[in-house]
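Engineer: Show me the folded form of this:
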Amino acid sequence: MRDKALLFLTGRNGILLFNILILALSIFSLWIMAPMLLNALDNIPDLENVSESLGVILIAYGVAIEERHSLMPIFKLYPKFYTEKQAYIDDICHAYGLFYLLLGLFMEMCVACVKMPNAIIDTDHIEYLLFGVSAVFIVWNTGLMFRHCYLLYTAPEQYTPDVH
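Structural biologist: The predicted structure is shown next:
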């Protein structure tokens, strides 16, 4: 029972489910942020909360799936359930996890620049620009998530990993 639950959570379908949930959060965040960006000065706390919260989610999720190949033996799922398909999922999760991690960190950097005192980084009246950049990162993340979902959904049974 334990193995089945862990295999689902760390497997293709579990990752697809998490991706779809984060995709929904990303799309909803963009929907909420877009009108607020038109009047960023009056919406700074809300824009900070949206960008920061989604950034934290992307960082945590990115680290978790980037290290999927390391977690599988810890959960005692490898070598027992190791297949070429699992190797493929490990490889794409490593790459996409790194993307999510970096996008989340850059979103956090945008928020940090706004939060810093203007004596250090003068962001007075350019908050909209920083939150706009954060929104671009969310759009980028959304595209990556769609691509990641596609690659997971079409995962081949036979796979030969690239040797770097």
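Engineer: Show the average pLDDT along stretch 92-109.
Structural biologist: Averaged across stretch 92-109, pLDDT comes to 98.
Engineer: Could you check that stretch and say which residues are buried?
Structural biologist: For stretch 92-109, a neighbour-count test (16 or more other Cβ atoms under 10 Å) marks Ile92, Cys93, Tyr96, Gly97, Phe99, Tyr100, Leu101, Leu103, Gly104, Phe106, Met107, Glu108 as buried. C-beta coordinates here come from the backbone N, C-alpha and C atoms, glycine included.
Engineer: So what does Asn118 have for phi and psi?
Structural biologist: Note on Asn118: backbone dihedrals following degrees, to the nearest 10 are phi -60, psi -20.
Engineer: where's the residue lying closest to it once chain neighbours are set aside relative to Lys4, distance?
Structural biologist: Taking Cβ to Cβ, 6 or more residues apart in numbering as the measure, Asn118 lies nearest to Asp124, with 5.3 Å between them; neighbours along the chain are not counted. From Asp124 across to Lys4, the span is 55 Å (Cβ to Cβ, to the nearest Å).
Engineer: Please apply the same query to Thr10.
Structural biologist: Separation of Thr10 from Lys4 (Cβ to Cβ) stands at 11 Å.
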